[in-house]
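> return atomic coordinates for the entry below.
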Amino acid sequence: MLNQLDLTNVLSIDIETVPQKASYHELEDHWKELWDMKSKQKYPNETPEESYPKAGIYAEFGKIVCISVGAFVRWGKSYQLKIKSYYGHDEAKLLEEFRSMLEKYMKTPLNTLAAHNGREFDYPYIGRRMVINRIEVPFILDLAGRKPWEINLIDTMDLWKFGDIKAYTSLVLIAAALGIPTPKDDIDGSMVWSVYWKDNDLERIRTYCQKDVVTLSRLLLRYKGESDLLEQNIIIA
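This is a model prediction of the structure:
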């Protein structure tokens, strides 16, 4: 699997998102109406107030508070993984920093991004939030008019399907099936909004996001039949 892929051309990414406001009651009236419609459609058994913590999964109602990136570096017969996170309360700033990094790193047609469920979530979410924040979408995420074979975006969930059309399989489930250490040893995605808005603990969110990048990168190595990352070869910038 992925035999032709040079991992040193790949960046593993993961994002963490939250609702734009701490609670439904802080929304302006127009946005309350918009969330009411979305909530009724997606969460008919919950009130808009009850469902609002889930607003972060929609780019129109949420924002990105962390993007973690992992780069593979050859280390003898194995690899090092160097991780850097772009995070903070200022979404536009972190997105601009991420975009600048991509422009510097993504210099050849071989450069690739990898994410779990990236085609359904990470890639479009980043693109939409860049448009909302008036930030130029980097070429690798600007898919309009491009042919499928011109798109260098890997989705480890799609690869796991092997052509199957059934629904979502989580990173933690695939990792467990393959004996890869789980990244969910502290919080999970459903708790990020609370850690951000109630606890104001961005560092905890950054750590969680980085753990997902490590697991995603280990999954890529497993898909390629490579040896696992040694803990001492995971370097946090």
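
> how far does the strand ranked longest in the chain sit from its chain's centre?
With secondary structure taken from DSSP state E, the chain has its longest strand at strand 62-75. Distance of strand 62-75 from its chain centroid, counting by Cα atoms, centre = their mean, to the nearest Å, is 8 Å.

> just checking, what packs against it?
Here strand 62-75 touches strand 10-19, strand 78-87, helix 91-105, helix 122-132, helix 202-224, going by 3 or more Cβ pairs under 8 Å, 6 or more residues apart in numbering; DSSP states H and E. From N, CA and C alone the C-beta is placed, and that goes for glycine too.

> residue ranges in the protein under the pLDDT threshold?
Within the chain, the ranges that satisfy pLDDT under 70 run 183-185.

> centroid-wise, who is the farthest residue in it?
Asp29 (30.3 Å; Cα atoms, centre = their mean).

> out of the helices and strands packed on strand 62-75, deepest packed?
strand 10-19 (a mean of 24; mean count of other Cβ atoms under 10 Å).

> reformat the helices and strands packed on strand 62-75 as TSV; add distance to Ile67.
Shown next, in TSV, are the helices and strands packed on strand 62-75 (distance: least, Cβ to Cβ, whole Å):
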stretch	distance to Ile67
strand 10-19	5
strand 78-87	5
helix 91-105	5
helix 122-132	7
helix 202-224	8
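
> out of the ones you listed, the one nearest Arg146 is which?
helix 122-132 (12.9 Å; Cβ to Cβ).

> who does that closest one touch, helix- and strand-wise?
Under the contact rule (3+ Cβ pairs under 8 Å, 6+ apart), helix 122-132 is packed against strand 10-19, strand 62-75, helix 91-105, strand 112-115.

> circling back: for the longest strand of the chain, buried residues please.
Gly62, Lys63, Ile64, Val65, Cys66, Ile67, Ser68, Val69, Gly70, Ala71, Phe72 (16 or more other Cβ atoms under 10 Å).

> what is the nearest of these to Lys224?
Nearest to Lys224 among the buried residues of strand 62-75, with distances taken as Cβ to Cβ, is Phe72, at 10.5 Å.

> now the phi/psi pair for Ile235, please.
phi -120, psi 120 (degrees, to the nearest 10).

> got the contact list for it?
Contacts for Ile235 (Cβ atoms under 8 Å, 6 or more residues apart in numbering) come out as Gln80, Leu81, Lys82, Ile83.

> can you list the buried residues of strand 62-75 in TSV and add distance to Glu16?
Shown next, in TSV, are those (distance: Cβ to Cβ, whole Å):
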residue	distance to Glu16
Gly62	10
Lys63	10
Ile64	7
Val65	6
Cys66	4
Ile67	8
Ser68	8
Val69	13
Gly70	15
Ala71	19
Phe72	22
